[in-house]
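**Q** here's a sequence, model it:
(one chain, ligands or ions: 1)
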Amino acid sequence: MRILKKLLTLAVSAVVLGAMASCSKNNVNESSGISLSAATEQSLITTPKETTLPSDTEPESKWGKAVVVYFSSTGNTKEVALKIASEIGCGTYEIVPSKQYTNDDLNYSNKRSRAYREQNDKNSRPEIEGTVIDLSSYDTVFIGYPIWFAKAPRILCTFVERQSFEGKTVIPFCTSGSSGIGTSATELTELAENKGKWLSGTRFSPSVRDVDIEQWLAALAEK
Ligand SMILES: Cc1cc2nc3c(=O)[nH]c(=O)nc-3n(C[C@H](O)[C@H](O)[C@H](O)COP(=O)(O)O)c2cc1C
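**A** Numbering: from 1, shown residues only. Presented below is the predicted three-dimensional model:
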């Protein structure tokens, strides 16, 4: 009877120890042996890792890591932005207003329209929807926008003031009915506290041909 009791105790202990071992395995990173909390494990799973290519296989690029940032209320600037991105082979970030512009908002003949009022208020800073792109890892930033009353829309001021352009090449471009880029890009440079190397901007017509954009990029790449 005593032997039977001992055997029973040993069997129960073995089951309990086995269960403990399998529980702790779930919390241990097997390769490092470091114990991770559930939250850390989660962040390791969801944080995307940047792929860095070894230097000898890295593609030669004048632009380094580039991105095309743009705001577009009726699609003209967006078209140009997407063409630039596809030529360069880089990503895009669209500045989306928290409060979308309606047709009435964009009515430039109406002095009470939202666009008119914003452009006439130098302190206007329309909010941007969602998480704003972090430019810190980029070398080249194309920034595109439509001309509104001879200026960049105020939401560009919101964007530029939130970024640091130190060490980056910034290439402004715009689309417009007929106005040139004027002082719109230099005004943005001032808001960026003249940090970064801002190239002189370019204006495209809404009916710009792909070949014109290609030639512009080729000329820029040679500079
Ligand atoms: C509120 C507003 C103001 C505008 N002001 C000008 C202007 O001063 N000069 C001009 O040539 N075009 C002006 N336009 C026309 C736009 O610049 C042009 O249609 C541009 O390509 C629109 O780009 P998007 O479709 O990316 O918004 C204005 C348009 C709007 C809506």
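**Q** let me see the ranges of the strands in the chain.
**A** 66-70, 91-94, 140-146, 169-175, 197-198, 202-204 (DSSP state E).
**Q** between those, which gets nearest to Leu156?
**A** Of all those, it is strand 140-146 that lies closest to Leu156, at 5.2 Å by C-beta to C-beta. No exception for glycine: its C-beta is placed from N, CA and C like everyone else's.
**Q** counting contacts, what elements does that closest one pack onto?
**A** strand 66-70, helix 76-88, helix 154-161, strand 169-175 (3 or more C-beta pairs under 8 Å, 6 or more residues apart in numbering; DSSP states H and E).
**Q** now the angle from that strand to strand 66-70?
**A** 20 degrees (axes from the mean of the first three to the mean of the last three C-alpha atoms, to 10 degrees).
**Q** contacts for strand 140-146?
**A** 63-74, 76-77, 80-81, 84, 135, 152-153, 156, 160, 165, 168-176, 184, 188, 196 (C-beta atoms under 8 Å, 6 or more residues apart in numbering).
**Q** cool, and stretch 85-96?
**A** Under C-beta under 8 Å, 6+ apart, the answer for stretch 85-96 is 63, 65-72, 78, 81-82, 128-130, 133, 155-156, 159, 213-214, 217.
**Q** buried sites along stretch 194-208?
**A** Gly196, Trp198, Leu199, Gly201, Thr202, Arg203, Phe204, Val208 (16 or more other C-beta atoms under 10 Å).
**Q** next: stretch 180-193.
**A** Ile181, Gly182, Ser184, Ala185, Glu187, Leu188, Thr189, Leu191, Ala192.
**Q** please report how far the residue nearest the centre of the chain lies from Ser113.
**A** Central residue of the chain (C-alpha atoms, centre = their mean): Ile133, 3.2 Å from the mean position. Counting by C-beta to C-beta, to the nearest Å, the separation of Ile133 from Ser113 is 29 Å.
**Q** the helices and strands packed on strand 140-146 into CSV, with extra columns for mean pLDDT?
**A** As requested, the helices and strands packed on strand 140-146 are exported to CSV (pLDDT from 0 to 100):
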stretch, mean pLDDT
strand 66-70, 98
helix 76-88, 98
helix 154-161, 98
strand 169-175, 98
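**Q** in CSV: the ones you listed, plus mean neighbour count.
**A** Formatted as CSV, those follow (neighbours: other C-beta atoms under 10 Å):
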stretch, mean neighbour count
strand 66-70, 23
helix 76-88, 20
helix 154-161, 21
strand 169-175, 24
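**Q** looks like Leu188 contacts Ala152 (just checking).
**A** Yes - under the criterion of C-beta atoms under 8 Å, Leu188 makes contact with Ala152 at 5.8 Å.
**Q** tell me where the model's unsure across this structure.
**A** Along the chain, the parts satisfying pLDDT under 70 run over 1-60.
**Q** burial of the residue nearest to Ile133 when sequence neighbours are not counted, as a residue count?
**A** Using C-beta to C-beta, 6 or more residues apart in numbering and skipping the chain neighbours, the partner closest in space to Ile133 is Tyr93 (4.3 Å). Other residues within reach of Tyr93 by the criterion other C-beta atoms under 10 Å amount to 19.
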